[in-house]
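J.: Got a predicted structure plus its sequence, pasted below:
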Amino acid sequence: MLKESIHIKKLTTIQQFRQGEELQGRVWGLSDTDVVPLHLLLTAQKNGGLVLGAFDEEGKMIGLLFGFLGARDATARQIKHCSHMMGVLEEWRSRGVGYRLKLAQREHALAQGLELVTWTYDPLESLNAALNIGKLGVVCRTYFRDLYGEMEDGLNVGLSTDRFQVEWWITSQRVVHRLASGGYRPSLDAVLASGAQLLNPATVGPDGLVRPSPAPLEPKADAVLVEIPAHVQAIKATDIEMARQWRAQTRELFERCFAAGYTVTEFISQVRDNLRRSYYVLQRDFDWNFDISSKARPRAAKNAPGDRC
């Protein structure tokens, strides 16, 4: 069984921390100057932070997670766990490694008496959205434009580094139920039938690529949907200008919705007409004590990939 053959543990030896440096380069294609160095990882580990490794049965590192203590606001009177990065080797993605790393991170934060874990991710990365929102139960109401500036690694080159900052309230009923049930993903038809408004109905070109809507709508309903490309890296490789159009359109929609009091609460990814389509669900005046998935039938958790947080 995969669960039995993969071991999640804190890094303790110099050799393990060096493996962590090397894995960063393999996952993101980072240069030596962009890799989080051994001395910083080790120092964080010894001072309340967390550096986890996922190891196969032969002791080879296949995944890495790094986080540290941070302030919840400018007063620094309340602290949180700030998750900086999580990565899994490509051949091990979609096998639950990233999910298990996040669960171990939650246990670490709970042991420190914390309630909140935050991190950032690219909102155009569909697989990360499925893990973060669908399985872990994070929510989002914060959008950062070009957070890291221009980056040249394989995942980020060519696009501005816009990011969601997500909130993982690890003691909340929403998260507890989401983890116990193995995650939740509503169907598009069900959400639309409930009265949700699709803000950017995309079109499909003759090449099979999903193109951003020519005329996005203003958010008016209590629940709205924003479509994103299901495979943004494939679009980047085929048509970088179209990928930039997706970035510009979704940036505008998310910023507009957040300013109007909407919160990202769910994520949908399903095949329609032989083509995978992906949508965020945003709710206005979101009730933090309510979780739509509490009415859902529990299901086995699918494995998810890793990505930079």
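T.: Great, that's in hand. As the structure is a prediction and not an experimental result, all values here were calculated from the model.
J.: hey, let's count contacts and neighbours off CA atoms from now on
T.: Noted.
J.: now residue 267, which residues is it bridged with?
T.: When bridges are taken as DSSP bridges, the partners of residue 267 come out as residue 280.
J.: buried sites along stretch 80-91?
T.: Using 16 or more other C-alpha atoms under 10 Å as the burial criterion, the residues of stretch 80-91 that qualify are 80, 81, 82, 83, 85, 86, 87, 88, 89.
J.: before we move on, what about stretch 252-268?
T.: Across stretch 252-268, burial judged by 16+ other C-alpha under 10 Å covers 253, 254, 255, 257, 258, 262, 263, 264, 265, 266, 267, 268.
J.: Which of the buried residues of stretch 80-91 fall in helices?
T.: For the buried residues of stretch 80-91, membership in helices holds for none, with DSSP state H as the criterion.
J.: From residue 274, how far out is the residue of the chain most remote from its centre?
T.: Ranking residues of the chain by C-alpha distance from their mean position (C-alpha atoms, centre = their mean) puts residue 206 at the top, at 30.4 Å. Counting by C-alpha to C-alpha, to the nearest Å, the separation of residue 206 from residue 274 is 14 Å.
J.: can you check residue 105 too?
T.: The separation that residue 105 has from residue 274, given C-alpha to C-alpha, amounts to 37 Å.
J.: And residue 94, by the same measure?
T.: With C-alpha to C-alpha as the criterion, residue 94 and residue 274 are 21 Å apart.
J.: hmm, back to that, just send the buried residues of stretch 252-268 back as a markdown table, with pLDDT and distance to residue 182 too.
T.: Listed next are these as a markdown table, based on pLDDT from 0 to 100; distance: C-alpha to C-alpha, whole Å:
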| residue | pLDDT | distance to residue 182 |
| --- | --- | --- |
| 253 | 98 | 30 |
| 254 | 98 | 27 |
| 255 | 98 | 30 |
| 257 | 98 | 29 |
| 258 | 98 | 28 |
| 262 | 98 | 25 |
| 263 | 98 | 22 |
| 264 | 98 | 19 |
| 265 | 97 | 16 |
| 266 | 97 | 14 |
| 267 | 97 | 15 |
| 268 | 97 | 15 |
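J.: can you pull the buried residues of stretch 36-56?
T.: By neighbour count on 16+ other C-alpha under 10 Å, the buried set for stretch 36-56 is 36-38, 41-42, 44-45, 49-56.
J.: ok, now which ones touch residue 227?
T.: By C-alpha atoms under 8 Å, 6 or more residues apart in numbering, the residues touching residue 227 are 198, 199, 200, 201, 202, 277, 278, 279, 280.
J.: just checking, which of those belong to helices?
T.: Per DSSP H, helices hold no members of these.
J.: For those residues, name the two members farthest from one another.
T.: The span of those, defined through C-alpha to C-alpha, is set by 199 and 277 at 14.4 Å.
J.: Just want the phi and psi numbers for the residue farthest from the centre of the chain.
T.: For residue 206, the backbone dihedrals are phi -60, psi -20 (criterion: degrees, to the nearest 10).
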